[in-house]
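Participant: Got a predicted structure here, sequence first:
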Amino acid sequence: IDPGDEVIVLEPFYENYGPDAILSQATPVFLTLEAPAYRLDRDRLAALITPRTRAIVLNSPNNPMGRVFDREELQGVADLCIEHDLLALTDEIYEHFIYGGAEFVSLPVAAPEAAGRCVVVNSVAKTYAMTGWRVGWMIGPPEVAAAVARLQSHSISNVANVSQFAAIAALEGPMDPVDAMRTAFDRRRRTMFDMLRTLPGVEVNEPHGALYAFPRVDVARALPGRPAASSHEFAEILLETAEIAVVPGEAFGSPGSVRLSYALDDADLVAGLERWRDLARA
């Protein structure tokens, strides 16, 4: 990416993507996926491509909205990358957390003809519950990998040796603990979805991937007597009055929504949502 280039980012987005493009001296161009389906439409994506476009950033399963893009959606991205000589940067960190019959497929697997234009990033952080170990990897064209290695060698040098050995043990070990985590997350996902859709002023789609629900909230009316002007203010009200922590949609380029994580104890999850329900009934 060079100064003046453009990078297309799907919105809602994980909050680093836009700033990462800016740090590369590029301009992030946001494609807003329309609620409630948040489907990736090829024609709307194509309309944003200009001679300055260099890359498209994907995240599936998605943080914050829990969407898993299907083969047709991924094929549309691949076709456009080939047609316009673009790279697809695809973040697949939640690949093992899929629920409710959804299918995860990696972009270069869905469209092998575009594999040479894909940069896949992943990590041990989520799958193996190793968020503090800071180990990730990239799979991409040799010239891209070589450039990344040159940059990394002059910034962080290398991942700590202990972390590397721990990551190898995770990658080569059995998947039983991951399966157990996915079963627990699936149970909590269904609990959260069932409770959220009973709350007044809340509209939520069932998430099928990652660790999050991303309901749309009528913030002015969801809590009687406590109208909010924004989802950011709504999140502050929940925190201050009910000790419930949510992330406001503004962080993901999607005002009017909030993100909740179901990566917590079942009892705490239920207790938190019951506090929200009690507050809405007060």
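Facilitator: Ah, there it is.
Participant: Strands along this structure, start to end?
Facilitator: Assigned by DSSP state E, the chain shows strands spanning 6-11, 27-32, 53-59, 87-91, 118-123, 136-139, 202-203, 212-213, 216-217, 247-248, 258-261.
Participant: which one of these is the most hemmed in?
Facilitator: strand 212-213 (a mean of 24; mean count of other C-beta atoms under 10 Å). C-beta here means a position set from N, CA and C on the backbone, and glycine is covered the same way.
Participant: now for that one, which elements pack on it?
Facilitator: helix 176-196, strand 258-261 (3 or more C-beta pairs under 8 Å, 6 or more residues apart in numbering; DSSP states H and E).
Participant: can you list the residues that contact that strand?
Facilitator: Strand 212-213 has contacts (C-beta atoms under 8 Å, 6 or more residues apart in numbering) with 63-66, 189, 192-193, 196, 204, 207, 259-262.
Participant: Let me have those in TSV, extended by distance to Ala170 and pLDDT.
Facilitator: Putting the contacts of strand 212-213 into TSV (distance: C-beta to C-beta, whole Å; pLDDT from 0 to 100) gives the following:
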residue	distance to Ala170	pLDDT
Asn63	21	97
Pro64	25	97
Met65	27	95
Gly66	24	96
Arg189	23	98
Met192	27	98
Phe193	29	98
Leu196	32	97
Val204	33	95
Pro207	25	96
Arg259	26	98
Leu260	27	98
Ser261	22	98
Tyr262	22	98
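Participant: gap between the two ends of stretch 79-97?
Facilitator: 27 Å (C-alpha to C-alpha, to the nearest Å).
Participant: circling back to that earlier point, nearest to Thr127, of the helices and strands packed on strand 212-213?
Facilitator: Each of the helices and strands packed on strand 212-213 has some distance to Thr127 by C-beta to C-beta; the shortest is helix 176-196, at 5.8 Å.
Participant: which parts of that closest one are buried?
Facilitator: Neighbour counts using 16 or more other C-beta atoms under 10 Å place Val178, Met181, Arg182, Phe185, Arg188, Arg189, Met192, Phe193, Met195, Leu196 of helix 176-196 among the buried residues.
Participant: Which residues lie in contact with the fourth one in this structure?
Facilitator: Counting by C-beta under 8 Å, 6+ apart, Phe185 touches Phe97, Tyr99, Leu211, Tyr262, Ala263.
Participant: The second one and Ala210 touch, don't they?
Facilitator: By that I understand Tyr99. No - with contact defined as C-beta atoms under 8 Å, Tyr99 does not count as touching Ala210 (9.5 Å).
Participant: Show me which of the two is the more surrounded one.
Facilitator: More crowded of Tyr99 and Ala210, by other C-beta atoms under 10 Å: Ala210, with 30 against 20.
Participant: so who does the residue positioned nearest the centre of the chain touch?
Facilitator: Geometric centre of the chain, nearest residue: Asn63, 1.9 Å, by C-alpha atoms, centre = their mean. Neighbouring residues of Asn63 by C-beta under 8 Å, 6+ apart: Tyr14, Tyr94, Ala210, Leu211, Tyr212.
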